[in-house]
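Student: Give me the fold of what follows.
(one chain, ligands or ions: 1)
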Amino acid sequence: MSAVLEIDDVSKRFRSGGLLSARTVEAVKNVSFTLEADRPEVFAIVGQSGSGKSTLANMILGSEMPSAGRIRVHGEDITDARSARQRIDFMRRVQPIFQNPFEAFNPLTRIDSYLFSTARRFRDATGAKAQEALADEALQLVGLTIEEVRGRYSHELSGGQLQRIAVARALIPQPDLIVADEPVSMVDASLRMSIVNLFKDLRDRLGVTIVYITHDLATAYYIADRLIIMKSGEIVEQGPAKAVLDDPQHPYSRALRDAILPPDPRRAHEIIAG
Ligand SMILES: Nc1ncnc2c1ncn2[C@@H]1O[C@H](COP(=O)(O)OP(=O)(O)OP(=O)(O)O)[C@@H](O)[C@H]1O
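Tutor: Here you go, the predicted structure:
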């Protein structure tokens, strides 16, 4: 069986500055890892600000192209030119969750219409009834119902509820890979744990592989099966999340861990809940 995701020696360089002050930033350098299809997991990409996490996420989502290396989703090279049909198929299989749920929804647009249009676009649901049924099914997977959401606008819902709805929207296309970039950092501490647990639940109940991008070692310790730790675009350490964070080998990972995790990291859940 092919891998859900193969990142093969991927690098990304950006040119910035003006004509006279042009410089090149190596945001991601020679990163490789594979997420197997027969083993759904939460795979964390951990690092401080500027370590290249979002650039890597954007390349997995196809919104940035690598400067070098290959990215394959189910064996298909997404760095190759693709037809519109292939692009839609890719978007169905790989769904993003972003940091700020308030920015994910236009305040003037009813929240339910996002779910209905996703059902129309990715599941060919043409009638209102079919769209509602698919929206409700996805909302129930995240602990909500269509009754709680129908006719409402983003300002009428909490950050935690909106992030659940963003996850529900991402589930409608029935993806096998979700790329979540700092999905709990803008959610109230009191609701953070429930969102974090939701990702574990999607892995276990639906078999969805989650790429979880974070600067927060406590949530990574709590939910990730495996992780990579990035510094200045490079992987400095990788492996099973708990083994790496219980006994980090690289000085950078040790410093990160000592700064963020409690002396007994098994108490990470206390930090997440605030
Ligand atoms: N479009 C761009 N043009 C120029 N430089 C960029 C661009 N995008 C990112 N970079 C640079 O690449 C490096 C990695 O940035 P990136 O946003 O991927 O890091 P990050 O780990 O996600 O950080 P954060 O957690 O702050 O979002 C940084 O030095 C950043 O300034």
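
Student: Quick check: the gap between residue 129 and the ligand.
Tutor: 41 Å (C-beta to the nearest ligand atom, to the nearest Å). Placement of C-beta: from N, CA and C, glycine included.

Student: helix/strand/coil for that residue?
Tutor: Three-state assignment for residue 129 (DSSP: H, G, I helix; E, B strand; the rest coil): helix.

Student: Give the burial count for it, as a bare number.
Tutor: 9 (other C-beta atoms under 10 Å).

Student: and the spatially closest residue to residue 150 that is not a sequence neighbour, what are its phi and psi?
Tutor: In this structure, residue 150 finds its nearest non-sequential neighbour in residue 112, 5.3 Å apart by C-beta to C-beta, 6 or more residues apart in numbering. Phi and psi for residue 112, reported as degrees, to the nearest 10, are phi -60, psi -30.

Student: Tell me which helix or strand residue 243 sits in.
Tutor: Residue 243 belongs to helix 241-246 when assigned by DSSP states H and E.

Student: Whichever helix or strand comes after that helix packs against which elements?
Tutor: The C-terminal neighbour of helix 241-246 among helices and strands, as given by DSSP H and E, is helix 251-260. Helix 251-260 sits against helix 217-223, strand 226-231, strand 234-240, helix 241-246, with contacts defined as 3 or more C-beta pairs under 8 Å, 6 or more residues apart in numbering; DSSP states H and E.

Student: circling back to that earlier point, contact partners of the helix holding residue 243?
Tutor: For helix 241-246, contacts defined as C-beta atoms under 8 Å, 6 or more residues apart in numbering pick out 44, 217, 220-221, 224-227, 229, 237-238, 253, 257, 261, 265.

Student: switch to 6 Å and redo it
Tutor: Identification of contacts with helix 241-246 by C-beta atoms under 6 Å, 6 or more residues apart in numbering yields 221, 224, 226-227, 237, 257, 265.

Student: Adding distance to residue 190 and pLDDT, write these out as CSV.
Tutor: Shown next, in CSV, are those (distance: C-beta to C-beta, whole Å; pLDDT from 0 to 100):
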residue, distance to residue 190, pLDDT
221, 20, 91
224, 22, 96
226, 28, 97
227, 25, 97
237, 32, 96
257, 25, 84
265, 22, 64
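
Student: measure residue 172 to residue 63 for me?
Tutor: Noted for residue 172: a distance of 20 Å to residue 63, by C-beta to C-beta, to the nearest Å.

Student: no, scratch that, I was asking about residue 46
Tutor: 21 Å.

Student: In terms of packing, which of the two has more residues around it?
Tutor: For residue 46 versus residue 63, neighbours defined as other C-beta under 10 Å are more numerous around residue 46 (29 against 9).

Student: Surely that one is in a strand?
Tutor: Yes - counting by three-state DSSP, residue 46 falls inside a strand.

Student: Contacts only, for it.
Tutor: Counting by C-beta under 6 Å, 6+ apart, residue 46 touches 220, 227, 229.

Student: what about 7 Å?
Tutor: 214, 217, 220, 227-230 (C-beta atoms under 7 Å, 6 or more residues apart in numbering).

Student: before we move on, the earlier item: between the helices and strands packed on helix 251-260, which gets nearest to the ligand?
Tutor: Closest to the ligand of those, according to C-beta to the nearest ligand atom: strand 226-231, at 6.9 Å.

Student: Describe which strands the closest one pairs with in its sheet and in which direction.
Tutor: Strand 226-231 sits in its sheet next to strand 42-47 (parallel), strand 234-240 (antiparallel), going by DSSP bridges.

Student: Reformat the ones you listed as JSON lines; add distance to the ligand.
Tutor: Below are the strands paired with strand 226-231 laid out as JSON lines (distance: least, C-beta to the nearest ligand atom, whole Å):
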{"stretch": "strand 42-47", "distance to the ligand": "5"}
{"stretch": "strand 234-240", "distance to the ligand": "11"}
